[in-house]
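Peer 1: Give me a 3D structure for the following:
(one chain, ligands or ions: 2)
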Amino acid sequence: MTDAPIDSPHPPYPAEGVADVLPVTKIPRRGLPGLALVVGDPARADAVASRLAEVRLVGENREYRTYTGSWRGVELVVSSHGVGGPGAVCLFAELAEAGVHTFLRFGTAGSLRRDIGDGDLVIAEAAVRDDGVSHQLVHPEYPAFATPEATLALAAAARTHDVAHRRGVVWTRAAFSPAVLTLPIAQYTAAGVAAIEMEASALFVFAGLRGLRAGAALVVDGYAGNDDVDATTYAPHRQIVVDAVRRGADVVLDALIALDESGVRA
Ligand SMILES: O=P(O)(O)O[C@H]1O[C@H](CO)[C@@H](O)[C@H]1O
Ligand SMILES: O=c1cc[nH]c(=O)[nH]1
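Peer 2: Ligands and ions are numbered 1, 2, ... in the order given. Prediction:
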């Protein structure tokens, strides 16, 4: 039996027994809706879930907090995957086993371009596979690509909500802070890469290998094109970011249900 998180207004889900939940995330083994919005931060999962009707907490373990609910009458999943590709793939795999076929990641990212500002939304068309996990799934030459319909649905929803957005390639990197190695920031910046974050390529490769649909929209929380990206320059809790995350949630929820209506499969 999983308890609801402290302060959660939502009741615990009625677990029928250990065999009925999946081991890493403690979500039900089957029967989840096919659409999922996934985020890094469990608190962001709470915030997005609070936008839904008929919301239920259906699993909580480690960094993984999973809700079901409905948005504009369409049932979907909201779930957190924590920081980093390896752990995120554990969530993606268990969600897929439980019935999810369409994943939209709603995250944050550092901009690598001066013309992409704080609070803008970067919609990832593809991702550089520096994620620390996908190389253990398939050869490095395999591409990390978003499902085109997912990219287009996100861009259309951003336009509808009048949210500033750019489409482009993102760099998914496993190590958040640099150490002794020189990172190829200058090269990826020269290549026009839009932003840096930590899970998109793992999601795209996972979905590509399984024939599932995936996309990602990332709120820019600062400029990360300098060589000294670390805790002193990283400031994701500023009001401009908080406000953009609030607006972005509706964009991604609308894109998700548009994908449901479109019925297109990868
Ligand atoms: O805001 P989320 O979704 O967690 O995304 C970004 O923020 C985290 C880094 O602090 C990483 O997970 C990165 O991908
Ligand atoms: O990985 C990340 C995520 C958000 N912002 C950054 O600068 N890097």
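Peer 1: Which positions in the protein make contact with ligand 2?
Peer 2: The chain comes close to ligand 2 at residues Thr108, Ala109, Gly110, Phe176, Ile196, Glu197, Met198, Asp221, Gly222, Ala224, Val229, Tyr234, as judged by Cβ under 6 Å from any ligand atom. No exception for glycine: its C-beta is placed from N, CA and C like everyone else's.
Peer 1: ok, of those residues, which one's closest to Val205?
Peer 2: Nearest to Val205 among those is Met198, at 13.9 Å by Cβ to Cβ.
Peer 1: right, and the closest one touches Pro86 too?
Peer 2: No: under the contact definition of Cβ atoms under 8 Å, Met198 does not touch Pro86, with a separation of 10.3 Å.
Peer 1: Quick one: residues in contact with stretch 146-157.
Peer 2: In this structure, residues lying in contact with stretch 146-157 by Cβ atoms under 8 Å, 6 or more residues apart in numbering are 102, 104, 123-127, 165, 167, 200, 204, 207, 213-217, 250-252, 254-256, 258-259, 262, 264, 266.
Peer 1: Show only the entries of these found in helices.
Peer 2: Of the contacts of stretch 146-157, the ones assigned to helices by DSSP state H are Ala200, Phe204, Ala207, Asp250, Val251, Val252, Asp254, Ala255, Leu256, Ala258, Leu259, Ser262.
Peer 1: Can you tell me how far the nearest residue to the fourth one once chain neighbours are set aside is from Asp254?
Peer 2: Yep, that's Asp250 we're talking about. In this structure, Asp250 finds its nearest non-sequential neighbour in His161, 6.1 Å apart by Cβ to Cβ, 6 or more residues apart in numbering. Taken as Cβ to Cβ, to the nearest Å, the spacing of His161 relative to Asp254 amounts to 7 Å.
Peer 1: quick one, which of the two is more surrounded?
Peer 2: In this view His161 and Asp254 are compared by other Cβ atoms under 10 Å, and Asp254 has more residues nearby, 19 against 14.
Peer 1: any idea of the pLDDT on the more buried one?
Peer 2: Listed pLDDT for Asp254 reads 98.
Peer 1: Quick check: the gap between it and Glu261.
Peer 2: From Asp254 over to Glu261 the distance is 11 Å, taken as Cβ to Cβ.
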